[in-house]
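Participant: here is my input, please return the structure:
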Amino acid sequence: MTGITLTAPEIAENGNTVPVTVDAPGAVAIMILAVGNPEPAVVTFNFGPAAGSQTASTRIRLAKTQDVIAMAKMADGSIVQAQATVKVTIGGCGG
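Facilitator: This is a model prediction of the structure:
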């Protein structure tokens, strides 16, 4: 879908530290979800008018192979999303 780009590895050897980057020009908020985790909501980033760019990078824990979803609320109120499947060889949430 246009307006958002999610970058995540196809394979993560260790689910404890999976790098994820989301770019959503014009977004006021970005949320990252890991739907296969015990707590799917991972993080929400909020951007004010002084933000130079609407890009967020972090490392997340993934319990198992699953879809990572990034959702962005745009300045006009619309929601855009992107999804990537990450194969985890060693789980990072106690699994």
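Participant: now stretch 9-23, how far from the centre of its chain.
Facilitator: Mean C-alpha position of stretch 9-23 versus that of the full chain (C-alpha atoms, centre = their mean, to the nearest Å) differs by 9 Å.
Participant: next one: stretch 75-95
Facilitator: That offset, for stretch 75-95, works out to 5 Å (C-alpha atoms, centre = their mean).
Participant: pull the residues that contact that stretch.
Facilitator: Surrounding stretch 75-95, the residues in contact under the criterion C-beta atoms under 8 Å, 6 or more residues apart in numbering are 1-18, 22, 24, 26-28, 37-38, 61-74. No exception for glycine: its C-beta is placed from N, CA and C like everyone else's.
Participant: now the residues you listed: which count as buried?
Facilitator: 3-4, 6, 8, 12, 15, 18, 22, 24, 27-28, 37, 61-64, 66, 68-74 (16 or more other C-beta atoms under 10 Å).
Participant: on contacts alone, who are the packing partners of the helix or strand of the chain with the lowest mean pLDDT?
Facilitator: Within the chain, no helix or strand scores below strand 11-12, which has a mean of 94 by mean pLDDT, DSSP states H and E. Helices and strands in packing contact with strand 11-12 are listed as strand 79-88; criterion 3 or more C-beta pairs under 8 Å, 6 or more residues apart in numbering; DSSP states H and E.
Participant: before I go, just wanted to say thanks for your time.
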